[in-house]
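A.B. asks: here is a sequence with its predicted model. Questions after.
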Amino acid sequence: QVQLVESGGGLVQAGGSLRLSCVASGRTIRGYSLAWFRQIQGKEREFVAGISFSGNTHYGDFVKGRFTISRDNAKNMLSLQMNNLKSTDTAVYYCAARDGVWATDVSQYEYWGQGTQVTVSS
């Protein structure tokens, strides 16, 4: 069993930056694929970025070079650096883990954090 806890959300002006963190406990995440999803109010949860256990990264089309996902297996931690934020990035951001190859489908992830709110003012 893996427990995930996100932090780092908040209110930021458009064009600003935030860094989200996700700390895992219960077991090592070394062999897990990890990802960030977000859920905009009234919409379905969507894939933001993912990182495989080997360190390969993948991003949603809307990211367009603005976000960087990284992992620190020694600290059992996942991060998401978000730059040049837009009002359309306002959402609850969730970290997720799965024991397998990376995926973009919400249903493929077994473990989820509780989410952290990111609000970007225009």
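C.D. replies: Received, thanks.

A.B. asks: residue contacts, the residue nearest the centre of the chain?
C.D. replies: In the chain, the C-alpha nearest the mean C-alpha coordinate belongs to Trp36, at 2.2 Å (CA atoms, centre = their mean). Residues in contact with Trp36 (CB atoms under 8 Å, 6 or more residues apart in numbering) are 20, 22, 48-50, 69, 78, 80, 93-96. Any C-beta I mention is one placed from the backbone N, CA and C, and that applies to glycine too.

A.B. asks: ranges for the strands of this protein?
C.D. replies: 3-7, 10-13, 18-25, 33-39, 46-51, 57-59, 67-72, 77-82, 91-98, 111-112, 116-121 (DSSP state E).

A.B. asks: tell me which of the ones you listed lies nearest to Thr104.
C.D. replies: The closest of the strands of the chain to Thr104 is strand 46-51. By CB to CB, the value is 4.0 Å.

A.B. asks: which residues are in contact with that closest one?
C.D. replies: 33-40, 57-60, 63, 67-71, 78, 80, 93, 102-106.

A.B. asks: one more time with 7 Å, if that's ok
C.D. replies: For strand 46-51, contacts defined as CB atoms under 7 Å, 6 or more residues apart in numbering pick out 33-38, 57-60, 63, 67, 69, 71, 80, 102, 104.

A.B. asks: ditto for stretch 23-30
C.D. replies: Contacts of stretch 23-30 (CB under 7 Å, 6+ apart): 1-5, 53, 73, 76-77, 97.
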